[in-house]
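1. pasting the sequence and the predicted coordinates here, then a few questions.
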Amino acid sequence: MKQAIAKAEALVEAHQYIRGFADRIVVVKVGGSIMDDAQAMRMLITDICFMDAVGMRPIIVHGGGRGITDAMKNAGIEAQFVQGRRYTDDRTLAIAEHVLVNEINHQMVQTIRELGHRPMPMTSLGSCAVFARRMFLQDAEDPARNRIDIGYVGEVEWVNGPLLTALTAAGHIPVIAPIARDAAGGKLNVNADIVAGHVAAAAGAVKLVLVSDTHGIRTRPEDAESLAPSLTRGQIEQLIEQGAISSGMLPKVESALTALEGGVHKTHIVDGRIPHALLLEVYTDAGIGTEIVLS
């Protein structure tokens, strides 16, 4: 009986959020080691389908997990990095596209269908919603040299927001792989976190949730007790200067700030290894992870 009452109380708590998010777009970016755990991925997709069932309009953006790295290793290709970014040649791009589109995106779409919902794959092999231009790096030692070539790596130029909003209004769940098209029709590999921020802004999302394998942002990286429940842009910039935010967390905070500056109300970084982390963030008073706001 106590368990049943607790479930009823949880539904009552969720009621206000279900009403508040009705017919609103929420972008969920999925990445990290959670993508290598089939059970955790199915649970997360089930949660996204629940959001769809109660009137929200979810959009999914996904990364590649270890799949791309493992596929490159199996092909005998050694990853090369320039200023921490993977150099992407023709073969690397082909492998990335295959893993992202034919394996990960396909499996996510299939799971959504199995759960009785209507996915819409948005990939470079079909209906592409993300367009980019080649990214070139700047030489830290020679600032005048700002054309360091890193291959077929892109930065977002435009997202087809009207298409995404029309699809969600029609009851579809867009599932976006981060291989973009350029102005000439070529393909570029773009960081999935960055794509998610631009998608959230272009689609007029009310919320962006970055689901990964981290509890959120720590103000002292080695101290688990220093998890920040909420941070502003100013505090984020300070933590970057201090080195508390670095490496893989940098594109996540960049994504969050891109979304916020584009009109998204709130952004969150949550740990997808926690069961129903997404629902806890969206439908409960306490929430989890780190919330990022402009001020």
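-> Now that the structure is in, tell me what you want to look at. Numbering: from 1, shown residues only.
2. for stretch 271-285, measure first residue to last.
-> 17 Å (C-alpha to C-alpha, to the nearest Å).
3. and what of stretch 21-32?
-> This stretch, stretch 21-32, spans 26 Å end to end (C-alpha to C-alpha).
4. ok, and for it, which residues are buried?
-> Going by neighbour count (16 or more other C-beta atoms under 10 Å), the buried part of stretch 21-32 is 21, 25-32. Placement of C-beta: from N, CA and C, glycine included.
5. that one - what's its average pLDDT?
-> For stretch 21-32, the mean pLDDT works out to 93.
6. pull the distance from that stretch to the chain's centre.
-> The chain centroid and the centroid of stretch 21-32 are separated by 9 Å, computed with C-alpha atoms, centre = their mean, to the nearest Å.
7. and if you look at stretch 91-107?
-> Using C-alpha atoms, centre = their mean, the mean C-alpha position of stretch 91-107 is found 17 Å from that of the whole chain.
8. ok, residues contacting that stretch?
-> Stretch 91-107 has contacts (C-beta atoms under 8 Å, 6 or more residues apart in numbering) with 35, 62, 64-65, 67-68, 71-72, 75, 77, 79, 86, 88, 121, 123-125, 151-152, 175, 177-179, 187-189.
9. inside helices: which ones of those?
-> Among the contacts of stretch 91-107, the ones falling in helices (DSSP state H) are 67-68, 71-72.
10. kindly present those as a markdown table, with separate columns for pLDDT.
-> Below are the ones in helices among the contacts of stretch 91-107 laid out as a markdown table (pLDDT from 0 to 100):
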| residue | pLDDT |
| --- | --- |
| Gly67 | 88 |
| Ile68 | 90 |
| Ala71 | 93 |
| Met72 | 92 |
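11. just to revisit the earlier point, in strands only, show me the contacts of stretch 91-107.
-> 62, 86, 121, 151-152, 175, 179, 187-189 (DSSP state E).
12. related to what we said a few turns ago, tell me which of the ones in helices among the contacts of stretch 91-107 is nearest to Leu115?
-> Nearest to Leu115 among the ones in helices among the contacts of stretch 91-107: Gly67, at 22.1 Å, using C-beta to C-beta.
13. that closest one contacts Met35, doesn't it?
-> Yes. With contact defined as C-beta atoms under 8 Å, Gly67 counts as touching Met35 (7.4 Å).
14. between those two, who's got more neighbours?
-> For the pair Gly67 and Met35, the greater number of neighbours falls to Met35 (24 against 18), based on other C-beta atoms under 10 Å.
15. my guess is the more buried one contacts His62. True?
-> Yes. In this structure, Met35 is within contact of His62 by C-beta under 8 Å, at 7.1 Å.
16. Leu210 pairs with what?
-> Counting by DSSP bridges, Leu210 is bridged to Lys29, Ile269.
17. low-scoring stretches of this protein, by residue?
-> Scanning the chain for pLDDT under 70 picks out the ranges 1-11, 84, 140-146, 286-287.
18. strands of that one, residue ranges please.
-> Secondary structure of the chain, counting by DSSP E: strands at 25-30, 57-62, 81-82, 85-86, 119-122, 130-137, 148-159, 173-176, 179-181, 187-189, 207-212, 230-232, 266-271, 290-293.
19. could those strands go into JSON lines alongside distance to Ala166?
-> Converted to JSON lines, the strands of the chain look like this (distance: least, C-beta to C-beta, whole Å):
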{"stretch": "strand 25-30", "distance to Ala166": "11"}
{"stretch": "strand 57-62", "distance to Ala166": "11"}
{"stretch": "strand 81-82", "distance to Ala166": "39"}
{"stretch": "strand 85-86", "distance to Ala166": "34"}
{"stretch": "strand 119-122", "distance to Ala166": "10"}
{"stretch": "strand 130-137", "distance to Ala166": "16"}
{"stretch": "strand 148-159", "distance to Ala166": "13"}
{"stretch": "strand 173-176", "distance to Ala166": "10"}
{"stretch": "strand 179-181", "distance to Ala166": "19"}
{"stretch": "strand 187-189", "distance to Ala166": "24"}
{"stretch": "strand 207-212", "distance to Ala166": "20"}
{"stretch": "strand 230-232", "distance to Ala166": "33"}
{"stretch": "strand 266-271", "distance to Ala166": "24"}
{"stretch": "strand 290-293", "distance to Ala166": "28"}
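20. all set, thanks.
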